[in-house]
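Novice: Structural data only, the sequence is not supplied:
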Ligand code: GAR
């Protein structure tokens, strides 16, 4: 452990198999990741990631977003919406091309589900929220609880080389576009969909004989390594927020080992 390292208390949000979660657990148990997982929350009651967490004695919870579906909204009274809801509507960049009323409806349902997640997270006071295959949008209401002016508090792993192919099918979109290289991105969450400041990226080749499944496996291996490394950098105080020339927030990695880490990862991905 480096001298300045602070063991991070993290909460992990998942929706499915949880192999990224497993990679974090394995690295924590191997002493390679200075973090402790306080809670795993899934929006999907059948997510296998919940079982993975339980096998390692990590507390789990389910917030089923389907409980806040269209039928639910008809019964919603305004008083159950968060106080800051109008501001949430103004700040959001996740829904576009929809009528104002529809945006409000969708955000209202999302924020109500998120209120449930926040109630679980609040008493734990986590240092970082990690999205690991969490397949729900995050509204400015939720973000407002973890991002401040000079600190981002929610990290995500995305299965494509952002800003290419945001959304839910990074590998499928990369593969069917005919890309010769694919990539994975760890980034902080902001008010848009997969638009927050990039922390680290890694690439892999797509060879002519590859299938989508081969490509996905190659990418996932990179995800496991790079996601844990980014969390570790945060624990070490090695992620610095700076402003680019255009004022856009950017993340600088201070760890002098960063180039060597990336080189090794890239070599592994290109090995045949
Ligand atoms: C991973 O490939 C992750 O990058 C992706 O879902 C998969 C989850 O796998 N996330 C997204 O697409 C988010 N938009 P896992 O449950 O086995 O970790």
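Specialist: That came through fine. These numbers come from a predicted model, not from an experiment.
Novice: can you list the residues of the stretch 1-150 of the chain near the ligand?
Specialist: By CB under 6 Å from any ligand atom, the residues of the stretch 1-150 of the chain that approach the ligand are 14, 16, 17, 18, 19, 20, 49, 132, 133. Glycine gets a C-beta too; all of them are placed from N, C-alpha and C.
Novice: If any of the residues you listed are buried, give me the ChimeraX selection for them.
Specialist: Of those, the buried ones go into a single ChimeraX selection, burial set by 16 or more other CB atoms under 10 Å:
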select :14,16,18,19,20,49,132,133
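Novice: Spatially nearest residue to residue 158, not counting backbone neighbours?
Specialist: Of all residues not flanking residue 158 in the chain, residue 185 sits nearest, at 4.6 Å (CB to CB, 6 or more residues apart in numbering).
Novice: where does this protein dip in pLDDT?
Specialist: Along the chain, segments meeting pLDDT under 70 span 1, 73-83.
Novice: show me the contacts for whatever residue of the stretch 101-250 of the chain ends up closest to the ligand.
Specialist: Nearest residue of the stretch 101-250 of the chain to the ligand: residue 133, at 2.5 Å (CB to the nearest ligand atom). If a contact means CB atoms under 8 Å, 6 or more residues apart in numbering, then residue 133 has 14, 15, 16, 17, 18, 19, 20, 21, 49, 157 as its contacts.
Novice: count of neighbours near the residue nearest to residue 158?
Specialist: 25 (other CB atoms under 10 Å).
Novice: Please apply the same query to residue 125.
Specialist: Residue 125 is flanked by 9 other residues according to other CB under 10 Å.
Novice: Contacts only, for the residue lying closest to it once chain neighbours are set aside.
Specialist: Using CB to CB, 6+ apart and skipping the chain neighbours, the partner closest in space to residue 125 is residue 9 (7.1 Å). Applying CB under 8 Å, 6+ apart to residue 9 gives the contacts 35, 36, 38, 124, 125, 126, 127, 128.
Novice: repeat that for 6 Å
Specialist: 36, 38, 126, 127 (CB atoms under 6 Å, 6 or more residues apart in numbering).
Novice: For PyMOL, write a command that selects the buried ones of those.
Specialist: Those of the contacts of residue 9 that count as buried under 16+ other CB under 10 Å are selected in PyMOL with:
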select buried, resi 38+126+127
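Novice: Now that we have the contacts of residue 9, can you turn them into TSV and tack on distance to residue 214?
Specialist: Converted to TSV, the contacts of residue 9 look like this (distance: CB to CB, whole Å):
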residue	distance to residue 214
36	35
38	36
126	36
127	36
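Novice: just the contacts of residue 9 now: which is nearest residue 224?
Specialist: residue 36 (18.7 Å; CB to CB).
Novice: Run through the bridge partners of the closest one.
Specialist: In this entry, residue 36 is beta-bridged to residue 9, by DSSP bridges.
Novice: Which of the helices or strands spans the residue nearest to the spatial centre of the chain?
Specialist: Centroid-nearest residue in the chain, with CA atoms, centre = their mean: residue 156, separated by 1.9 Å. Element membership of residue 156 [criterion: DSSP states H and E] is strand 154-158.
Novice: coming back round to it: give me the three-state assignment for the residue nearest to residue 158.
Specialist: State at residue 185, reduced to three classes by DSSP: H, G, I helix; E, B strand; the rest coil: strand.
Novice: didn't it look like it was pressed against residue 201?
Specialist: Yes: the criterion here is CB atoms under 6 Å, and residue 185 meets it with residue 201 at 4.9 Å.
Novice: circling back: contacting residues around the strand holding residue 156?
Specialist: With contact meaning CB under 6 Å, 6+ apart, strand 154-158 is reached by 20, 129-131, 146, 170, 185-187, 189, 194, 223, 227.
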